[in-house]
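Visitor: Task: produce atomic coordinates for the following.
(chains A and B)
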Amino acid sequence: MEKAIEIRGVEKRFGQRLVLRDVSFAVPRGSVFGFVGPNGAGKTTAIRIILGLLRPDSGSVSVLGLDSQQQPIALRRLVGYVAEESNFYPWMRIDELMGFHASFYPRWDEARARELLETFNLHPRTRVRELSKGMRTQLVLTLALAHRPELLVLDEPTSGLDPVWRRRFLQALAREATASGATVFFSTHILSDVERIADWIAIIHQGSLRVVRPLDDLKYNQRVIRVVFQGSPPADLLAAPGIKAVERDGQGYLITVEDNFDAIYQSLQKAPHFVLEQVEQDLENIFLDYTGEKGDGNA
Amino acid sequence: MLKLIGKELREQRWTIVIGVALFSAVGILTALSYGMLIRHGENVAQFLPPGLAEQFAILLEDYTYYVWSQWHPKNLLQMGVILALILSAPAIAGEVNRGTIKYLNSLPISPGAIILGKAAAGSAVLTATVWISTMALLIAGSAAYPGLNWARLLAATALTNVGLLAVYALGLVFSALGSDPVKAGVLAAAVLLVWSAAGLHAGTAFLSPFWHMKGAGLFAGEGSFPWGSLLLLAALAAAAFLAAGRILARRQL
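Guide: As a prediction, this is how the structure comes out:
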C-alpha cells in the first residue's frame, strides 16, 4: 500500500495534558480518509502536526514522502489545507486573495481557480468580509484545490454549515477528489459526512487511536450477534479471535465482533442454540462502541 | 515574499500617507522657523532669562546646527519612535488578534520569512517617511534661507533612520510575543523609556540608543561621522529582527 501520510508513535502534550498518545496510522494514497472523533479528541492537533505547524513531543510524520518536521515548507506546497476556521483578510477581494495565495504555490493553476470559482458561484470582485460562512468554506476549498495538490487535508470542513451547504460542499469535495485522484484526509465529528464520502476511517478518542480500517470492512466486521445457547456455550467459542466483548443478556449473550465475522458466525451456528441473530449496527453505534460513550454502559 | 510585502504596504497605506504628510509638515515648519526667529530673535530673547538667552543666541548662530537640533533629536526622533511602534506593534500581534496568523502560517512560508516580509514593509514605510520629510525640510529650508549643510543633516538622518529601524525591530519582538497590539506597543515603549534613562547622565548617555540616534557627534569636535553608533544601531536592529523570527517560530501558532 502506497502511503500519503504515515504517522509513527506521535505524542503531544500541552502542559500536563496529554493530547495525543502514541498515535500511529497510515493513510493510503488515493483514499478518502475520515478522521473521526468527538470534540477535543485531538484531531486538530494531529492535523497541525501532520502539516508541520506543531512539533510532536515524540514520534514522526511523513507526508508524501517528506518529513513534516524537517521539510514543512516543501510539504505544504504539495498539500491543500482547509482549516477549521479560515480567517482571511476581510478587506481583500476574492481575486486579490487568490493572487496573494497563488504567489506561495509554484503549481498554482489560474484557469482551474477560475473554473472552481464559477462552479461555486463566487464572484472574483466580492470582498471576503461580504461572504457567508458557506461561501467562505467554498472559497477555502477553491484555494486548497487550485494548486492541484496531491493531498487535501480538511479540518472539520463542514462544521457550522447548514445541511444545504454541507451537502453542496461534500458533493464538490467528492467530485474534485475523484476527478483529481488526490488523497483526501478530513477530520469530523459528523458521522454522516464520513458515511457519505469516506472509504477509510480512523476513530480517535481522548488522544488515543481506537481503530483504523476501510469503512466497508469496519461496517461488515463490526457487528453484534445475539445468541441463546441450548445449555452452556462451548468454552473456547466466546474467546475466539475477533470477539471484542461478550455480555450476558438474561439467558442469552450479546457478542460484539470486530473482526473475522464470518468465521465466528459459522462457529456459533454449529453450536446448539435457540436463537442466533445479528443486531443491526450503524456507524454511530460503532463509533460509540469505540469511544466507550454508549449510554447502555457497553464499553 | 513580494506579495506579502505588498499586502503589508496595502494594509499600512493610510499610515504611510498620514505619516509622510505629518512628518513633512513638521519638517518644513522646523526649517522655516529659523528665518522667523532670525527676524524676531531680539524680541524673543528679551523675554528669556540671561543664561537661556545666551544659549538661544548660540543656537541661531549656525543655521545647520539649529535645524539639526530642532529636527533630528526632537521632532524626527520622537515622532519616528511613535511611528515605529505604531507600525510594529500590530505586525504579528494584530494577525494573532484577528485570527489571520493561522492562515498565514498554513501557507508554505517559514516564520522567519513572515518576519522578513513584515520587517521589509515596515522598514520601507519608516525609511520613506524619514527621508521624504527630511528632504522636504532641506528643500524648504534652503529655499527660505541660505547656508544649510545638507551633507551633515543627511548623515544625521541616516543615523536616526537606522536607530528607528532598531526601535521598529524591538516593537516587532513584543508583537511576536503577544496577541494584543496595544499591549505590545505599550511594553515596547516602556522598555524604551527605561532604556532612555541612561541618556540623562553624561557618563551613561552612550548606553542609550537615543543618544546614538541623534548624531550629535557630527556637530561636536571634528564633526566626524559616528560609525560606531551606526554599527551599534544596525546590530541592535538585526538582533531584534532575528529574535522576533525565533519567537514566532517557537510559538507554533
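
Visitor: Show the contacting residues for the residue of the stretch 101-250 of chain A found nearest chain B.
Guide: For the stretch 101-250 of chain A and chain B, the shortest gap (C-beta to the nearest C-beta) falls at A:S103, measuring 3.9 Å. C-betas here are computed from N, CA, C, even on glycine. Contact analysis of A:S103 by C-beta atoms under 8 Å, 6 or more residues apart in numbering or on different chains lists B:L2, B:K3, B:L4.

Visitor: Buried members of those into PyMOL, please.
Guide: The following PyMOL line selects those of the contacts of A:S103 that are buried, judged by 16 or more other C-beta atoms under 10 Å in any protein chain shown:
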select buried, chain B and resi 4
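
Visitor: In strands only, show me the contacts of A:S103.
Guide: Among the contacts of A:S103, the subset assigned to strands under DSSP state E is empty.

Visitor: just the contacts of A:S103 that are near chain A?
Guide: Restricting those to those touching chain A (C-beta under 8 Å from any C-beta of the partner chain) yields B:L2, B:K3, B:L4.

Visitor: can you list the residues of chain B near chain A?
Guide: Proximity of chain B to chain A, by C-beta under 8 Å from any C-beta, involves residues B:2-4, B:7, B:11, B:98-100, B:102-103, B:105-110, B:252.

Visitor: Check the spacing between the residue located most distally from the centre of chain B and A:D95 real quick.
Guide: In chain B, B:Q46 marks the outermost C-alpha relative to the chain mean, sitting 35.0 Å out by C-alpha atoms, centre = their mean. Going from B:Q46 to A:D95 by C-beta to C-beta, to the nearest Å gives 66 Å.

Visitor: cool, B:Y103 as well?
Guide: For B:Y103, the distance to A:D95 equals 17 Å [C-beta to C-beta].

Visitor: ditto for A:V279
Guide: Distance from A:V279 to A:D95, by C-beta to C-beta: 55 Å.

Visitor: Likewise for A:G40?
Guide: A:G40 is 38 Å from A:D95, by C-beta to C-beta.

Visitor: where along the stretch 101-250 of chain A do the strands fall?
Guide: Taking DSSP state E, counting those that start in this stretch as the test, the strands found in the stretch 101-250 of chain A are A:151-155, A:183-188, A:200-205, A:208-214, A:223-229, A:243-249.

Visitor: Make JSON lines from the ones you listed and add distance to chain B to it.
Guide: Shown next, in JSON lines, are the strands of the stretch 101-250 of chain A (distance: least, C-beta to the nearest C-beta, whole Å):
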{"stretch": "strand A:151-155", "distance to chain B": "10"}
{"stretch": "strand A:183-188", "distance to chain B": "15"}
{"stretch": "strand A:200-205", "distance to chain B": "20"}
{"stretch": "strand A:208-214", "distance to chain B": "22"}
{"stretch": "strand A:223-229", "distance to chain B": "40"}
{"stretch": "strand A:243-249", "distance to chain B": "38"}
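
Visitor: could you redo these as CSV and give each row mean pLDDT and mean neighbour count?
Guide: As requested, the strands of the stretch 101-250 of chain A are exported to CSV (pLDDT from 0 to 100; neighbours: other C-beta atoms under 10 Å in any protein chain shown):
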stretch, mean pLDDT, mean neighbour count
strand A:151-155, 94, 24
strand A:183-188, 94, 25
strand A:200-205, 95, 24
strand A:208-214, 93, 18
strand A:223-229, 89, 19
strand A:243-249, 84, 13
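
Visitor: Turn the ones you listed into TSV, columns for distance to A:E130.
Guide: Listed next are those as TSV, based on distance: least, C-beta to C-beta, whole Å:
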stretch	distance to A:E130
strand A:151-155	24
strand A:183-188	27
strand A:200-205	36
strand A:208-214	41
strand A:223-229	50
strand A:243-249	51
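
Visitor: quick one: which of those strands is nearest A:G34?
Guide: strand A:200-205 (4.8 Å; C-beta to C-beta).

Visitor: when you compare where the closest one runs with where strand A:208-214 runs, what's the angle?
Guide: Orientation of strand A:200-205 against strand A:208-214 (axes from the mean of the first three to the mean of the last three C-alpha atoms, to 10 degrees) gives an angle of 170 degrees.

Visitor: Work out the gap between the helix or strand bottoming out on mean pLDDT in chain B and the centre of the chain.
Guide: Across the helices and strands of chain B, mean confidence by mean pLDDT, DSSP states H and E is lowest for helix B:50-61: a mean of 81. Centroid displacement of helix B:50-61 relative to its chain, using C-alpha atoms, centre = their mean, to the nearest Å, is 28 Å.

Visitor: Summarise which helices and strands that helix is packed against.
Guide: Applying 3 or more C-beta pairs under 8 Å, 6 or more residues apart in numbering or on different chains; DSSP states H and E, one finds that helix B:50-61 contacts helix B:13-45, helix B:63-70.

Visitor: and the angle from that helix to helix B:63-70?
Guide: Angle between the axes of helix B:50-61 and helix B:63-70 is 120 degrees (criterion: the same axes, to 10 degrees).

Visitor: how much does helix B:50-61 deviate in direction from helix B:13-45?
Guide: Counting by the same axes, to 10 degrees, helix B:50-61 lies at 120 degrees to helix B:13-45.

Visitor: For helix B:50-61, list every residue counted as buried.
Guide: By 16+ other C-beta under 10 Å, the buried positions in helix B:50-61 come out as B:L60.

Visitor: So what touches it?
Guide: B:Y34, B:L37, B:I38, B:G41, B:V44, B:A45, B:Q46, B:L48, B:Y65, B:Y66, B:S69.

Visitor: Could you rerun that using 7 Å?
Guide: Under the contact criterion C-beta atoms under 7 Å, 6 or more residues apart in numbering or on different chains, helix B:50-61 has outside partners B:L37, B:I38, B:G41, B:A45, B:L48, B:Y66, B:S69.

Visitor: quick one: which of those residues has the most company?
Guide: Among the contacts of helix B:50-61, the one with the most neighbours (other C-beta atoms under 10 Å in any protein chain shown) is B:Y66, at 22 neighbours.

Visitor: residue ranges of the helices in chain A, please?
Guide: For chain A, the helices defined by DSSP state H occupy A:43-50, A:72-78, A:94-102, A:110-119, A:133-145, A:163-180, A:191-197, A:215-221, A:261-270, A:283-291.

Visitor: I should have written chain B there, sorry.
Guide: With DSSP H as the criterion, chain B has helices at B:2-11, B:13-45, B:50-61, B:63-70, B:77-97, B:100-106, B:111-144, B:150-177, B:181-196, B:209-214, B:227-251.

Visitor: can you redo the ones you listed as JSON lines with distance to A:I225?
Guide: Below are the helices of chain B laid out as JSON lines (distance: least, C-beta to C-beta, whole Å):
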{"stretch": "helix B:2-11", "distance to A:I225": "60"}
{"stretch": "helix B:13-45", "distance to A:I225": "70"}
{"stretch": "helix B:50-61", "distance to A:I225": "100"}
{"stretch": "helix B:63-70", "distance to A:I225": "93"}
{"stretch": "helix B:77-97", "distance to A:I225": "54"}
{"stretch": "helix B:100-106", "distance to A:I225": "46"}
{"stretch": "helix B:111-144", "distance to A:I225": "54"}
{"stretch": "helix B:150-177", "distance to A:I225": "59"}
{"stretch": "helix B:181-196", "distance to A:I225": "62"}
{"stretch": "helix B:209-214", "distance to A:I225": "78"}
{"stretch": "helix B:227-251", "distance to A:I225": "52"}
